[in-house]
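Colleague: Could you work out the structure for the sequence below:
(chains A and B)
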Amino acid sequence: MAIKSVQAKQVKQLNFWEKLYLPEIARGLTLTFKQVFTPKFTREYPEERFIPAGSYRGRPVLVEEENGERCVACGLCSRVCPAIAIEVQAGETTREKERYPSKFEINMLRCIYCGYCEEVCPEEAIVMSKDYELVFTNVEDAIFGKDRLLMPVSQLQDRLEFLRQYRG
Amino acid sequence: MNIGSTATLERVTDLRQRKILSKVIDKDTTISLEGRDPLENTMILNMGPQHPATHGVLRVLLRLDGETVEKCIPELGYLHRGYEKLGENMTYHEFLPHTDRLDYLSPMSNNVAYAMAVEKVLGLEIPPRAAWIRTMICELARISSHLLAMGAMSMDCGAITMLLWTFRERERLYDIFEKICGARFTTSYTRIGGVANDFTPDIIPMIRKFIDQFPAQLRDFEGLVNRNRIFVERVSGIGYMSAEEAIQLGMTGPCLRGSGVAHDLRRDEPYLLYDQLDFDVITYADGDCFARYMVRGDEMKESVKIVRQLLDKIPDGPVLANEAKQVLPGKVEIYTKMEELIQDFMLVNFGQQTEPGEIYSCIESPKGELGFYITSDGSGQAWRMKIRSPSFCNLQALQPMCEGAMISDVVAIIGSIDPVMGEADK
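Modeller: Residues are numbered from 1 along each chain as shown, chains lettered A, B, ... in the order given. Predicted coordinates:
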């Protein structure tokens, strides 16, 4: 595309009516008064809840199936985490999947919800849930262990479907 | 400033404060008012870092003669988090979420700028659909950033309604961003070699709906203050910056175009799809606060024009380059194929292996020229990463603009420069 020559504009001077100021006040008040008739834009939050779509990146959780978690404790999420929030320790069992995380902790004070752990996970074991309400009253509460991270796979269908479809 | 080996933190802080103070009063002693009439002396006023109108944690030291500013020294660094250094200690992939936190009013364009710089290091080509998505999100981020600049500047000058109205429009944009990438604010949407995920089908109608109603809203915003005598007389004629001096100081973006210099990287060094799009570079010749305000308002209209053109030509195809050694493979492939699984582990652990060399890549972010200068030594991490942030360079103009102005004008001048301290302090 050819480069067009651009004329620098000049700010227009106020004309007689604008200098009088009163007509402009009336115009401004008309504009603000019109807002009375527009629908309300805000949400009454605790009563009216926000339901995120599948693409939403909420609190990261571990996917739980009937026979336990999917995670094989490869430690890739802990390696990629830009905020160094994840700690994994591997353990071994005699089940079909030989490795499992004996300790899996996410420090929710460090987590930045970037979704990298989910992106690199080779087992689809850690995904971002729709959970966005996080309250803790002390620092120890903010370190989520396996007990609070595991979430049944049935609650995560939206996100898993989104990942398979739009993350190729 | 000579700091000995026994220097404590207090001593460093003390020396620093004394240096700034001596700079603002132009001599090496502090003033004493003993036995003299305070009204005959100049006064040192400390604006910020908690001042609500300084857009974050900008501290400005002013020497006042009555209400006139004689000297103005901006002090930066209250939000310094060492991002340039962090970039040297992380793989290219890991650093991307940190770019969200540079210019936190338009994280999407930071993501794009960083990903483009790393792609230049790696010599990667991105697929057409990824380029299309990036152009689109850049323009939406521009609208969102300019809306805030417009609202915040009006609020600094007393028009509080504007901020509430512009925030409503920004909310609609954030809803779109949330659908696109899953986060409203810290988007982390681009990846090296493309973008993280494709658009879901409901996003295009959302953008179309926003773009259809937005020009009418913008007309309302402009009708509210643009011809209002109080606002116009408050901002016109103050903070003058001539074109020559603006170029000398290295200003870019709306601040430079407000001084009448038609410099826009989208037109001068086209990247992404900008060479196929039809838009104007907005310039105003006046060089004062009102001109910079008007540039932002008109640029939003150009952005609407660009988004409309983009919506007419949506290419199909993948959104991530198919380059096994440098781009993370798709999720389904990682689950099912051995090669991709190995690639996944290799890329995450060791990063993208590059050729040694150095590059500079820049885009026109809403604030101006956002550039990344990356020196690579062939490993997965940058050897040196310099971030050329537009807010930092534009803030250099604060000193010449403020001198001779009234104290209440300082607030309007800062508003018209529109600095984001996350980016200026890095």
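Colleague: buried sites along the helix ranked longest in chain A?
Modeller: Identified as the longest helix of chain A according to DSSP state H is helix A:22-34. Neighbour counts over helix A:22-34 (16 or more other Cβ atoms under 10 Å in any protein chain shown) mark A:24, A:28, A:31 as buried. C-beta: built from backbone N, CA, C; applies to glycine.
Colleague: any idea how far the last one lies from residue B:48?
Modeller: Relative to residue B:48, residue A:31 is positioned 33 Å away (criterion: Cβ to Cβ, to the nearest Å).
Colleague: Give me the subset of the buried residues of helix A:22-34 that also touch chain B.
Modeller: A:24, A:28, A:31 (Cβ under 8 Å from any Cβ of the partner chain).
Colleague: mind saving the C-alpha coords of stretch B:80-97 as CSV?
Modeller: Taking Å, rounded to 0.1, in the frame of the first residue of the first chain, the C-alpha atoms of stretch B:80-97 are listed here in CSV:
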residue,chain,number,x,y,z
HIS,B,80,11.1,-1.5,39.4
ARG,B,81,10.9,-5.3,39.3
GLY,B,82,14.0,-6.0,37.2
TYR,B,83,12.2,-7.5,34.2
GLU,B,84,15.3,-7.1,31.9
LYS,B,85,17.3,-9.2,34.3
LEU,B,86,14.5,-11.7,34.7
GLY,B,87,14.4,-12.1,31.0
GLU,B,88,18.0,-13.2,31.0
ASN,B,89,17.3,-15.9,33.6
MET,B,90,14.4,-17.6,32.0
THR,B,91,13.8,-19.4,28.8
TYR,B,92,12.1,-17.4,26.0
HIS,B,93,8.9,-19.3,26.6
GLU,B,94,8.8,-18.7,30.4
PHE,B,95,9.3,-15.0,30.1
LEU,B,96,6.1,-14.4,28.1
PRO,B,97,3.7,-14.0,31.1
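Colleague: which other residues reach it?
Modeller: For stretch B:80-97, the external contacting residues (Cβ atoms under 8 Å, 6 or more residues apart in numbering or on different chains) are A:80, A:82-83, A:112, A:114, A:116, B:98, B:101-102, B:111, B:114-115, B:118, B:121, B:186, B:188, B:190-192, B:328, B:347-348, B:350-352, B:380-387, B:425-426.
Colleague: Let's see that with 6 Å instead.
Modeller: With contacts defined as Cβ atoms under 6 Å, 6 or more residues apart in numbering or on different chains, stretch B:80-97 is touched by A:82, A:112, A:114, B:98, B:118, B:188, B:192, B:351-352, B:380-382, B:385, B:387, B:425-426.
Colleague: Inside strands: which ones of these?
Modeller: Members of the contacts of stretch B:80-97 lying in strands (criterion: DSSP state E): B:382, B:385, B:387.
Colleague: min pLDDT across these, which one?
Modeller: Lowest pLDDT among the ones in strands among the contacts of stretch B:80-97: residue B:382, with 87.
Colleague: My read is that that one contacts residue B:372, right?
Modeller: No - with contact defined as Cβ atoms under 6 Å, residue B:382 does not reach residue B:372; the gap is 9.0 Å.
Colleague: picking that back up, dump the buried residues of helix A:22-34 to TSV, plus pLDDT and distance to residue B:254.
Modeller: Shown next, in TSV, are the buried residues of helix A:22-34 (pLDDT from 0 to 100; distance: Cβ to Cβ, whole Å):
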residue	pLDDT	distance to residue B:254
A:24	83	25
A:28	85	25
A:31	87	25
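Colleague: interface residues of chain A facing chain B?
Modeller: Within reach of chain B by Cβ under 6 Å from any Cβ of the partner chain, chain A has these residues: A:1, A:6, A:8-11, A:18, A:21, A:24, A:28, A:31, A:41, A:53, A:55-57, A:76, A:79-80, A:82, A:112, A:114, A:120, A:122, A:163-164, A:166-168.
Colleague: Out of those, which end up buried?
Modeller: A:8-9, A:11, A:18, A:24, A:28, A:31, A:55-57, A:76, A:79-80, A:82, A:112, A:114, A:120, A:122, A:163, A:166-168.
Colleague: Among the residues you listed, which ones are in helices?
Modeller: Per DSSP H, these map to helices at A:18, A:24, A:28, A:31, A:76, A:79, A:80, A:120, A:163, A:166.
Colleague: so which of these comes closest to residue B:19?
Modeller: Distance to residue B:19, by Cβ to Cβ, is smallest for residue A:80 among these, at 42.3 Å.
Colleague: ok, the closest one touching residue A:115?
Modeller: No - counting by Cβ under 6 Å, residue A:115 is not a contact partner of residue A:80; they are 10.4 Å apart.
Colleague: gap between the residue lying closest to residue A:23 once chain neighbours are set aside and residue A:164?
Modeller: Nearest residue to residue A:23, sequence neighbours excluded (Cβ to Cβ, 6 or more residues apart in numbering or on different chains): residue A:17, at 5.3 Å. Relative to residue A:164, residue A:17 is positioned 62 Å away (Cβ to Cβ).
Colleague: For the residue nearest to residue B:234 when sequence neighbours are not counted, give me its contacts.
Modeller: Taking Cβ to Cβ, 6+ apart, and ignoring the residues beside it in sequence, residue B:234 has residue B:157 as its nearest neighbour in space, at 4.9 Å. For residue B:157, the contacting residues are B:231, B:234, B:412, by Cβ under 6 Å, 6+ apart.
Colleague: cool, and residue B:367?
Modeller: With the criterion set at Cβ under 6 Å, 6+ apart, residue B:367 makes contact with B:253, B:390, B:391.
Colleague: how many neighbours does residue B:248 have?
Modeller: Residues near residue B:248, counting by other Cβ atoms under 10 Å in any protein chain shown, number 12.
Colleague: Tell me how far residue B:76 lies from residue B:98.
Modeller: For residue B:76, the distance to residue B:98 (Cβ to Cβ) stands at 19 Å.
Colleague: Neighbour count for those two, which is higher?
Modeller: More crowded of residue B:76 and residue B:98, by other Cβ under 10 Å: residue B:98, with 21 against 18.
Colleague: Quick check: the gap between the more buried one and residue B:300.
Modeller: 28 Å.
Colleague: Low-confidence regions, the chain specifically.
Modeller: You didn't pick a chain, so chain A it is. A:1-7, A:168 (pLDDT under 70).
Colleague: switch to chain B, that's the one I care about
Modeller: B:1-7, B:25-41, B:52-54.
Colleague: again, only using 80
Modeller: Along chain B, the parts satisfying pLDDT under 80 run over B:1-45, B:48, B:50-56, B:66, B:324-325, B:329-334.
Colleague: So which bits of it are right by chain A?
Modeller: By the rule Cβ under 6 Å from any Cβ, the part of chain B lying against chain A is B:94, B:97, B:168, B:179, B:182-183, B:188, B:197-198, B:220, B:223-224, B:227-229, B:260, B:262, B:275, B:281, B:283-286, B:290-291, B:294, B:330-332, B:334, B:341, B:344, B:348.
Colleague: Out of those residues, which end up buried?
Modeller: With neighbours counted using 16+ other Cβ under 10 Å, the residues of chain B next to chain A contain these buried positions: B:94, B:97, B:168, B:179, B:182-183, B:188, B:197-198, B:224, B:227-228, B:260, B:262, B:281, B:283-284, B:286, B:290-291, B:294, B:330-331, B:334, B:341, B:344, B:348.
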